[in-house]
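S.K.: take a look and give me a structure for this.
(2 chains)
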Protein chains: 2
Amino acid sequence: MVERVLGVLGGMGPLASAQFMVRLTLLTPAGRDQDHLPAILWSDPRVPDRTAARLGSGEDPLPALLRGIRGLEAAGCGAIAIPCNTAHGWFGPMQAATRLPILHIVEAAAAELRRLGVAPGRIGLMGTAATLAMRLYQDRLGAGGWDCLTPSAEAMQRLVTPGIALVKANRVAEAHAPLAEAARDLARQGARAVVLGCTEIPLGIAAGPALPFPVVDTIDALARAAIGWARG
Amino acid sequence: MVERVLGVLGGMGPLASAQFMVRLTLLTPAGRDQDHLPAILWSDPRVPDRTAARLGSGEDPLPALLRGIRGLEAAGCGAIAIPCNTAHGWFGPMQAATRLPILHIVEAAAAELRRLGVAPGRIGLMGTAATLAMRLYQDRLGAGGWDCLTPSAEAMQRLVTPGIALVKANRVAEAHAPLAEAARDLARQGARAVVLGCTEIPLGIAAGPALPFPVVDTIDALARAAIGWARG
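M.R.: Residues are numbered from 1 along each chain as shown, chains lettered A, B, ... in the order given. Below is the predicted model of the structure:
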């Protein structure tokens, strides 16, 4: 039995973190309940909007993020996974505030690119406007030789931002068309694979026909990293 | 924003409690993250097998269940939902050990029967061998006028028990055929609806074509009860 308890700082959005728990379970080799990983999901959708805080005048989410981390520490967790890309804009202060390792979702995505055999070169990157503006992915993946192409401002406003909002509003099926169109645009511009760098995006993408090019699902990528940690 | 925090004592099995979080989210009327319900999922698949404990010589799960309840209390939860029917065999000692209300899954299933408009009379009941032997459902639903028909010993051994085990082993697609066959048998014997009284069963049933009679999904039923509690 695995004795390391994974802490999941979630609720950002709640459907993405619930789906993270589903994928964590399904990706774990297990024959019965007792072979699965103990985990605690702190699903707090009250955390102030990360994009509004970073790009505008929204309330700072850090105090709410730190409350969740304290809760996961008190519950006995040994590491923390955060299935929200934009929240990684506060990775530094979160990691500085806890002795628990926080698994970084961008490192998990890079591992997934390698697992999928995506060669260095041009790839697509989708995410919230804040994630793209903070360059959470571009510099880290650039160091690995992947050159990130991002949606135009027009595509962000017409397709990606509304698609993410539809998932957060439980309108998952409607989110497929705009999100898939944005991904296809990037492939048309030469991206060999597209990183779905916001955990709402894979939910919308999965609600319709599969895309004809590799995508990095950051929910699955983080789940694989967490399983790797738990099995030590 | 909802300020009541739901505690979810899960991991029994982990896929069922993860799916409970998905359904809790999707059944909540919400337009953005901050409209969703705060919840903490204590997913501890190490809890000793409930059926083995009740029917054989398995280790008592109560200490592990109470550890989870203590954790959810310490995290600030206001009520507890347990998406595992068999664990409700320990409902009395769990409720006696906490001041937090525990939402009873059988009451949630009865509410769902009423919501679906299932008239009193013969219905089918599937569950673990322990849930059926403890009569968790039969007496409570009988008081509401529903007469529970259960699978034969042969059907339990050949279809229901293996179907539940397949879900716990992540072999969800393979679980559909045996579980659906057991449900159809009950309908053929006159059941107007079938209660899926083990939270693994709706996962297997959902992995194939829909059944041509009403079923009570105890994951959804408990999620609706939890949303009702949270919204006061």
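S.K.: and the next element down the chain from the longest helix along chain A?
M.R.: Longest helix of chain A, by residue count under DSSP state H: helix A:172-188. Sequence order places strand A:194-196 as the next helix or strand after helix A:172-188, per DSSP states H and E.
S.K.: what about the next helix or strand after that next one, near chain B?
M.R.: Downstream of strand A:194-196, the first helix or strand assigned by DSSP H and E is helix A:201-206. No - judged by Cβ under 8 Å from any Cβ of the partner chain, helix A:201-206 stays clear of chain B, getting no closer than 9.9 Å. Any C-beta I mention is one placed from the backbone N, CA and C, and that applies to glycine too.
S.K.: so what does the helix or strand following helix A:201-206 touch, helix or strand wise?
M.R.: Using DSSP H and E, the helix or strand that follows helix A:201-206 in sequence is strand A:215-217. In terms of contacts (3 or more Cβ pairs under 8 Å, 6 or more residues apart in numbering or on different chains; DSSP states H and E), strand A:215-217 is packed against helix A:105-115, strand A:194-196, helix A:201-206.
S.K.: okay, now the sheet partners of the second one, with direction.
M.R.: Taking DSSP bridges as the criterion, strand A:194-196 forms sheet pairs with strand A:121-126 (parallel), strand A:215-217 (parallel).
S.K.: out of the ones you listed, which is closest to residue A:44?
M.R.: Checking these against residue A:44 by Cβ to Cβ gives strand A:215-217 as the closest, at 23.0 Å.
S.K.: once you drop chain neighbours, what's closest to residue A:17?
M.R.: The shortest distance from residue A:17 to any non-neighbouring residue, by Cβ to Cβ, 6 or more residues apart in numbering or on different chains, is to residue A:10 (2.6 Å).
S.K.: contacts only, for that neighbour.
M.R.: Counting by Cβ atoms under 8 Å, 6 or more residues apart in numbering or on different chains, residue A:10 touches A:16-18, A:20, A:41-44, A:82-84.
S.K.: dig out what it forms beta bridges with.
M.R.: residue A:43.
S.K.: per-residue pLDDT, it?
M.R.: Residue A:10 is assigned a pLDDT of 98 by the prediction.
S.K.: what does the one 4 residues further on give?
M.R.: Residue A:14 is assigned a pLDDT of 98 by the prediction.
S.K.: from residue A:64, how far off is it?
M.R.: 14 Å (Cβ to Cβ, to the nearest Å).
S.K.: for residue A:231, grab the count of nearby residues.
M.R.: 11 (other Cβ atoms under 10 Å in any protein chain shown).
S.K.: okay, the strands paired with strand A:194-196 in TSV with distance to residue B:144 and mean pLDDT next?
M.R.: Formatted as TSV, those follow (distance: least, Cβ to Cβ, whole Å; pLDDT from 0 to 100):
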stretch	distance to residue B:144	mean pLDDT
strand A:121-126	50	98
strand A:215-217	44	98
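S.K.: switch these over to TSV; also include distance to residue B:152 and mean neighbour count.
M.R.: Listed next are the strands paired with strand A:194-196 as TSV, based on distance: least, Cβ to Cβ, whole Å; neighbours: other Cβ atoms under 10 Å in any protein chain shown:
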stretch	distance to residue B:152	mean neighbour count
strand A:121-126	53	23
strand A:215-217	43	23
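S.K.: could those go into JSON lines alongside distance to residue A:155?
M.R.: Output for the strands paired with strand A:194-196, formatted as JSON lines (distance: least, Cβ to Cβ, whole Å):
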{"stretch": "strand A:121-126", "distance to residue A:155": "9"}
{"stretch": "strand A:215-217", "distance to residue A:155": "16"}
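S.K.: which residues are in contact with residue A:146?
M.R.: By Cβ under 8 Å, 6+ apart, the contact list for residue A:146 reads A:110, A:113, A:118, A:120-123.
S.K.: farthest-separated two in the residues you listed?
M.R.: The most distant members of these, if one measures by Cβ to Cβ, are A:110 and A:122, lying 15.6 Å apart.
S.K.: grab the nearest non-local neighbour of residue A:67.
M.R.: Excluding the flanking residues, the one nearest residue A:67 by Cβ to Cβ, 6+ apart is residue A:44, at 7.7 Å.
S.K.: give me the buried positions along the longest helix of chain A.
M.R.: Within helix A:172-188, the residues that count as buried by 16 or more other Cβ atoms under 10 Å in any protein chain shown are A:172, A:175-176, A:178-180, A:182-187.
S.K.: show me which of the residues you listed neighbour chain B.
M.R.: Filtering the buried residues of helix A:172-188 for proximity to chain B by Cβ under 8 Å from any Cβ leaves residue A:172.
S.K.: hmm, the lowest-mean-pLDDT helix or strand in chain A touching chain B?
M.R.: Between all helices and strands in chain A, the lowest mean by mean pLDDT, DSSP states H and E belongs to helix A:50-55, at a mean of 93. No - on the criterion Cβ under 8 Å from any Cβ, helix A:50-55 is out of touch with chain B, staying 9.4 Å away.
S.K.: name the residues that touch that helix?
M.R.: With Cβ under 8 Å, 6+ apart, helix A:50-55 has contacts from A:12, A:58-61, A:84, A:86-87, A:89-90, A:128-131, A:133-134.
S.K.: now it, how far from the centre of its chain.
M.R.: 16 Å (Cα atoms, centre = their mean, to the nearest Å).
S.K.: buried residues, the next helix or strand after that helix. List them.
M.R.: Following helix A:50-55 in sequence order, the next helix or strand is helix A:62-74 (DSSP H and E). Judged by neighbour count (16+ other Cβ under 10 Å), helix A:62-74 contains these buried residues: A:62, A:64-69, A:71-73.
S.K.: tell me which of these is nearest to chain B?
M.R.: Nearest to chain B among those, counting by Cβ to the nearest Cβ, is residue A:71 at 5.3 Å.
S.K.: show the contacting residues for the closest one.
M.R.: By Cβ under 8 Å, 6+ apart, the contact list for residue A:71 reads A:42, B:40, B:75-76.
S.K.: check what pLDDT it gets.
M.R.: Residue A:71 carries a pLDDT value of 98.
S.K.: tell me how far it lies from residue B:10.
M.R.: Residue A:71 is 16 Å from residue B:10, by Cβ to Cβ.
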